[in-house]
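Q: the following comprises the amino acid sequence and a computationally predicted model.
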Amino acid sequence: MRISLPGVLMFAVMIGAPACAATTFSVPDAALPEPLVLIAYGDMRFTDPAQTSASSPAARQALVARIAQESPAALFISGDIPWHGVAADYKVYRSETKLWRKKHLRVFPALGNHEFSMCDSASCLDLWWKAFPQLRGLRWYSVAIGSKVVAISLDSDSALNPQSEQGAWLEAQVASLGAAVRVVLIVMHHPPVADVQTVKLVDHNPRTNEETLVPFLRKAAADSAARFVVSAGHIHNYERNAQDGVMYLVSGGGGARPSEVDRDQHDLYQGTDFPNFHYVRFELQAGSLKGEMIRLEDYDAAKPAQWRSRDRFEITLRP
């Protein structure tokens with residue numbers, strides 16, 4: 001089943017995703033602006049604004065407003081939208097993201113671990129599906145943003161190995177990419193590749209479940225005409241690694257309590273700014289995909305509103 005939706009939110013039904021290899025959803029080229037702008041980020045932890053230790057309400061609200069101002073063709077969230085996964089958190093999410101609905105943004109979330117923080121799995125999922133009703137029944141899915149971009153939202157709370165239901169579905173999705181597809185954006189919560197920590201935040205290092213994707217993506221990037229980009233979260237900071245023809249981003253600066261990281265030599269971003277409340281902006285051009293990390297500078301102000309581009313990169317598309 002493939003659902004074509006030019007409008008705001010796009011989703012479907014089933015426990016995993018449709019058995020067929022076609023994308024779950026699609027937005028026709030005619031419904032998309034020029035240039036095509038996409039935004040990815042995660043780890044907001046929407047919750048009671050009086051709670052300022054787990055999440056910064058000022059930072060997450062500033063990010064929401066700035067993203068609405070960008071008016072991207074699609075917004076991809078890499079999980080940890082609520083803090084505890086309870087109804088009250090989703091009520092705050094809905095209240096603080098009114099601008100997105102007013103601007104008719106297409107919002108595509110992935111499941112994080114905080115979606116399951118303070119309720120049993122079935123109850124948590126039901127609340128997530130109530131927040132995103134068009135997604136009911138789905139834990140992973142894909143969407144064609146026009147003819148040149150396919151985004152794949154994965155559930156890193158579920159198995160990703162090739163023998164798993166999700167792993168087999170992902171393989172089928174990549175195997176069936178159309179000839180016109182030039183960019184595959186994979187959105188997930190736990191990162192497959194990140195700066196390995198030995199002192200700080202060691203419990204957030206890449207896990208075996210996500211690392212199983214690395215050899216798969218290596219082969220996919222070598223065999224496909226498309227370029228592959230992974231946008232993950234979980235680490236409340238920004239990182240950028242290029243490996244085996246795949247760009248791996250950590251974009252966890254959505255408002256949750258920031259995490260300090262020791263950057264290894266492979267991290268292509270060596271900035272010393274902290275904290276990094278931010279989002280990543282992609283712009284598809286004729287021969288390249290341009291990426292930009294846009295950081296909130298005055299994060300400690302009562303109403304922060306100063307932004308600065310802190311990292312830029314360009315991925316040359318294959319003809």
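A: The structure has been received and is ready for your questions.
Q: burial measure for the residue nearest to A221 when sequence neighbours are not counted, as a count.
A: Of all residues not flanking A221 in the chain, G245 sits nearest, at 3.7 Å (Cβ to Cβ, 6 or more residues apart in numbering). Backbone N, C-alpha and C define where each C-beta goes, glycine included. Neighbour count for G245, taken as other Cβ atoms under 10 Å: 15.
Q: these two touch, right, G245 and A222?
A: Yes. Taking contacts as Cβ atoms under 8 Å, G245 lies within contact range of A222: 6.3 Å.
Q: picking up where we left off before, for the residue nearest to A221, give me phi and psi.
A: phi 80, psi 10 (degrees, to the nearest 10).
Q: what sits against it?
A: Contact analysis of G245 by Cβ atoms under 8 Å, 6 or more residues apart in numbering lists R218, A221, A222, R227, F228.
Q: how about the second one, secondary structure?
A: What it means is A221. helix (DSSP: H, G, I helix; E, B strand; the rest coil).
Q: likewise for the one 4 residues further on?
A: Assigned state for A225: coil (three-state reduction, three-state DSSP).
Q: a helix runs through V150, doesn't it?
A: No. Counting by three-state DSSP, V150 is not found in a helix; it is strand.
Q: that one and Q69, how far apart?
A: 26 Å (Cβ to Cβ, to the nearest Å).
Q: these two: which is more packed in?
A: Neighbour totals were compared for V150 and Q69, and V150 leads with 24 against 10 (other Cβ under 10 Å).
Q: the more buried one pairs with what?
A: A144, V184 (DSSP bridges).
Q: surely it is in contact with R182?
A: No. At 9.4 Å, V150 does not count as touching R182 under the criterion of Cβ under 8 Å.
Q: which residues are in contact with each of these two?
A: A226.
Q: dihedrals phi and psi, S95?
A: Here is the backbone geometry of S95 (degrees, to the nearest 10): phi -70, psi -40.
Q: meant to ask about M293, not that
A: Dihedral angles (degrees, to the nearest 10) for M293: phi -90, psi 120.
Q: run a quick neighbour tally on it.
A: 24.
Q: any idea how far it lies from R94?
A: According to Cβ to Cβ, M293 and R94 sit 27 Å apart.
Q: what's the farthest-apart pair in the contacts of G245?
A: R218 and R227 (13.4 Å; Cβ to Cβ).
Q: these two - which one has more neighbours?
A: For R218 versus R227, neighbours defined as other Cβ under 10 Å are more numerous around R227 (20 against 15).
Q: ok, now which ones touch the more buried one?
A: So R227 contacts R182, V183, V184, A221, G245, M247, L289, I315, T316, L317, R318 (Cβ under 8 Å, 6+ apart).
Q: please repeat the previous calculation with a cut-off of 7 Å.
A: R227 makes contact with R182, V183, L289, I315, L317, R318, according to Cβ atoms under 7 Å, 6 or more residues apart in numbering.
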